[in-house]
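K.L.:
pasting the sequence and the predicted model now:
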Amino acid sequence: MSHIFISYSKKNHDYAQQLADKLVHLGFGVWLDARVENHYWAEVTKTAVQECAAFVILMSPDAMRSRQVQKEVAYAKVRHKPIIPLLLDGKSWTKTYINVCDRRIPDRNFFVYLARHAPHTQGHGRHFEPADVLIEPTLRFHGVYSAQTPRGQSVLRFFEDGRVLEYTNKPNEAPMTFDELEARHHRKVNEGRYEINGRDLVCTFSVNHAKVTYEGTIDLDTVEFRWYNYGTKKRGQGLYQFIPAL
């Protein structure tokens with residue numbers, strides 16, 4: 001694992017190319033695709049993420065709306081890749097990030113951090129020394145699922161470690177934490193856990209009061225969330241957003 005994967009919206013290609021050129025100049029291997037899909041493109045991208053040393057995401061409103069960026073983030077997260085967010089435009093999706101709204105290349109600490117994860121670089125890259133303060137980016141949430149239901153807006157927010165954080169399905173009601181849900185409705189909710197099953201990410205949690213278990217499956221290819229209620233035998237599906245909401 002030696003290359004750096006850059007995930008970006010095609011509207012941000014100029015900056016992505018500028019960053020890639022700088023990385024190559026410093027001796028890093030870089031994956032920067034042309035955003036042209038073909039029959040083999042999806043599998044090639046998966047392999048590139050799986051084999052990368054670090055994953056750099058260029059955050060912007062266009063990137064947030066990009067289904068392809070969503071997929072790439074999904075691949076990186078389930079494979080526990082180091083994710084380094086660069087804020088190019090708009091609001092940050094993460095707790096920590098590097099601000100590049102001025103379109104400048106990040107400072108030395110960014111490259112020091114990458115060098116720690118991709119040690120087999122060539123040229124100038126091998127001369128980096130550890131900095132006093134290194135970038136330690138972390139995504140606050142794994143993602144958000146939101147869908148409009150006959151009863152209102154259904155929202156699930158997921159923590160990084162797999163816990164389901166918030167839930168609601170009533171009109172005009174803000175998402176509740178499960179502690180609040182238990183206090184208000186006397187429903188004990190078990191913490192959900194993730195399990196990778198082929199191309200799917202499975203999350204299961206239960207509501208003991210109703211003796212109901214929900215299972216949600218996130219398709220990593222389509223970034224679609226499919227859920228099943230074992231109590232009512234009902235199914236549903238909707239889009240899943242891996243980009244965290246703060």
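P.N.:
Looks like it came in fine. None of these values were measured; they are calculated from a predicted model.
K.L.:
when you work out contacts or count neighbours from here on, use the C-alpha atoms and nothing else.
P.N.:
OK.
K.L.:
so where's the chain uncertain?
P.N.:
The model of the chain has pLDDT under 70 over residues 1, 34-41, 119-216, 218-225, 238-246.
K.L.:
domain ranges for it?
P.N.:
For the chain, automatic domain parsing gives the domain ranges 3-127, 141-241.
K.L.:
where does residue 61 fall, phi/psi-wise?
P.N.:
Note on residue 61: backbone dihedrals following degrees, to the nearest 10 are phi -60, psi -40.
K.L.:
verify the stated contact: it with residue 87.
P.N.:
No - in this structure, residue 61 is not within contact of residue 87 by CA atoms under 8 Å, at 10.1 Å.
K.L.:
more neighbours: which of those two?
P.N.:
More crowded of residue 61 and residue 87, by other CA atoms under 10 Å: residue 87, with 22 against 13.
K.L.:
the more buried one and residue 45: what is the separation?
P.N.:
Between residue 87 and residue 45 the distance is 22 Å, computed by CA to CA, to the nearest Å.
K.L.:
repeat that for residue 109.
P.N.:
For residue 109 relative to residue 45 (CA to CA), the value is 27 Å.
K.L.:
what residues are up against the closest residue to residue 60 other than its chain neighbours?
P.N.:
Once flanking residues are discounted, residue 60 sits nearest to residue 89: 4.6 Å by CA to CA, 6 or more residues apart in numbering. Shown in contact with residue 89 (CA atoms under 8 Å, 6 or more residues apart in numbering): 59-61, 100-101.
K.L.:
can you say which of those residues are buried?
P.N.:
Among the contacts of residue 89, the ones that count as buried by 16 or more other CA atoms under 10 Å are 59-60, 100.
K.L.:
quickly find the element holding residue 235.
P.N.:
strand 234-241 (DSSP states H and E).
K.L.:
report the two of the contacts of residue 89 separated the most.
P.N.:
Across those, no pair lies farther apart than 61 and 100, at 14.2 Å, counting by CA to CA.
K.L.:
neighbours of residue 6, just the number please.
P.N.:
23.
K.L.:
that one belongs to a strand?
P.N.:
Yes - judged by DSSP: H, G, I helix; E, B strand; the rest coil, residue 6 forms part of a strand.
K.L.:
that one bridge partners, please.
P.N.:
residue 56 (DSSP bridges).
K.L.:
quick check: it touching residue 21?
P.N.:
No - between residue 6 and residue 21 there is no contact under CA under 8 Å: 11.7 Å.
K.L.:
out of the contacts of residue 89, name the ones that lie in helices.
P.N.:
Mapping the contacts of residue 89 onto helices (DSSP state H) picks out residue 61.
K.L.:
which one among the contacts of residue 89 gets closest to residue 33?
P.N.:
residue 59 (16.8 Å).
K.L.:
helix, strand or coil for residue 42?
P.N.:
Applying three-state DSSP: residue 42 is helix.
K.L.:
how close does it get to residue 28?
P.N.:
Residue 42 sits 23 Å away from residue 28, going by CA to CA.
K.L.:
more neighbours: which of these two?
P.N.:
Using other CA under 10 Å as the criterion, residue 42 and residue 28 rank with residue 28 on top: 26 against 15.
K.L.:
would you agree the more buried one is in contact with residue 19?
P.N.:
No - at 11.1 Å, residue 28 and residue 19 do not qualify as touching, with contact defined as CA under 8 Å.
K.L.:
can you put the contacts of residue 89 in a markdown table and add distance to residue 75?
P.N.:
Below are the contacts of residue 89 laid out as a markdown table (distance: CA to CA, whole Å):
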| residue | distance to residue 75 |
| --- | --- |
| 59 | 17 |
| 60 | 19 |
| 61 | 20 |
| 100 | 24 |
| 101 | 26 |
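K.L.:
find the helix or strand that the residue nearest to residue 98 when sequence neighbours are not counted is a member of.
P.N.:
The shortest distance from residue 98 to any residue other than its chain neighbours is 4.8 Å, reached at residue 86 (CA to CA, 6+ apart). If you go by DSSP H and E, residue 86 is part of strand 83-87.
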